[in-house]
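Colleague: Okay, here's the prediction I keep looking at, along with the sequence it came from:
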Amino acid sequence: MFDLLPDRVPWYIVGPSLGLLIVIFFLVMNQPLGASGAYVHSLRFAQRKTNVATWRVWYFAGIFLGGILTTQILRDTSKLRTGYGAMTGVLNTGPTVLLVFIGAIIMGYGAKIAGGCTSGHGLCGTSQRSPASVAATGTYMTTAILTTLIIRVLTGGDL
C-alpha cells in the first residue's frame with residue numbers, strides 16, 4: 001500500500017487537539033469521552049439491553065476499526081503489525097500474548113473498580129476537577145512509572 005501516516009504525530013498537535021475535542025464534546029454532549037464507557041455501552045448493545053448511548057457504540061467501533069486501518073492497511077508493510085514489536089523482540093510470542101492478556105484483565109478490573117478508564121479519568125475527570133479522577137490518575141501514572149522501571153531493570157534495558 002502506501003505510507004500515509006507518520007510514525008508519531010507530534011505532541012504539540014495531539015495534545016491541544018485532544019483538549020479541544022474534550023471541551024467541544026462537553027459543550028455538545030455534556031458527557032465525558034472515555035473508552036471504558038464505550039466498551040460498556042457496546043456490551044449492553046450486543047446484549048440488547050436498554051439505556052444504551054448509541055454514539056458510544058460507534059465510538060467503540062471506531063477505536064477498533066481505526067486501529068486496524070492505521071496499523072494494517074495504511075502502512076507500507078507486508079507483515080502483520082501487533083504493536084508489541086519491542087516485547088516480542090525480547091520474549092517469545094507465547095509469553096507476550098499471556099502478558100498482554102493478563103494485563104488486559106487487570107486493566108479491565110481496574111477500570112471497573114475505579115469507575116472509568118485512564119482516558120476517562122486522566123483527560124475528562126481531571127479537567128472537571130474531580131478528586132476521584134485526580135487520585136486515579138496519580139495512582140495509575142505512579143504505577144506505570146514504577147512498572148516500567150522494574151521491567152527495564154529485569155530485562156537489562158532491553159524493554
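Modeller: Cool, the structure landed.
Colleague: and the longest helix anywhere in the chain, what does it pack onto?
Modeller: For the chain, the helix with the greatest residue count under DSSP state H is helix 131-154. Other elements packing on helix 131-154 under the criterion 3 or more C-beta pairs under 8 Å, 6 or more residues apart in numbering; DSSP states H and E are helix 93-114, helix 126-127. Heads up, the C-betas are built off the backbone N, CA and C, glycines and all.
Colleague: How far does that helix sit from its chain's centre?
Modeller: When C-alpha coordinates are averaged (C-alpha atoms, centre = their mean, to the nearest Å), helix 131-154 and its chain have centres 15 Å apart.
Colleague: Let me see the domain layout of the chain.
Modeller: Annotated domains of the chain cover 1-81, 84-159 [automatic domain parsing].
Colleague: Lowest mean pLDDT across these, which one is that?
Modeller: For those, the weakest mean pLDDT is recorded on domain 1-81, namely a mean of 81.
Colleague: quick revisit: make CSV from the domains of the chain and add mean neighbour count to it.
Modeller: Compiled in CSV, the domains of the chain are given as follows (neighbours: other C-beta atoms under 10 Å):
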stretch, mean neighbour count
domain 1-81, 13
domain 84-159, 14
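Colleague: sorry, back to before: and of the helices and strands packed on helix 131-154, who's closest to L21?
Modeller: Checking the helices and strands packed on helix 131-154 against L21 by C-beta to C-beta gives helix 126-127 as the closest, at 11.3 Å.
Colleague: who touches that closest one?
Modeller: G19, I22, V23, S133, V134, T137 (C-beta atoms under 8 Å, 6 or more residues apart in numbering).
Colleague: what's the closest of those residues to G85?
Modeller: Nearest to G85 among these is T137, at 27.9 Å by C-beta to C-beta.
Colleague: Hmm, G125 and that closest one touching each other?
Modeller: Yes - T137 is within contact range of G125, at 7.3 Å (criterion: C-beta atoms under 8 Å).
Colleague: for the host helix or strand of V57, packing partners?
Modeller: Secondary structure from DSSP states H and E places V57 in helix 54-68. The helices and strands touching helix 54-68, judged by 3+ C-beta pairs under 8 Å, 6+ apart, are helix 35-46.
Colleague: what is the orientation angle of the helix it packs on with helix 93-114?
Modeller: Taking axes from the mean of the first three to the mean of the last three C-alpha atoms, to 10 degrees, helix 35-46 and helix 93-114 form an angle of 90 degrees between their directions.
Colleague: now the angle from helix 35-46 to helix 54-68?
Modeller: Going by the same axes, to 10 degrees, helix 35-46 makes 110 degrees with helix 54-68.
Colleague: Okay then, goodbye and thanks.
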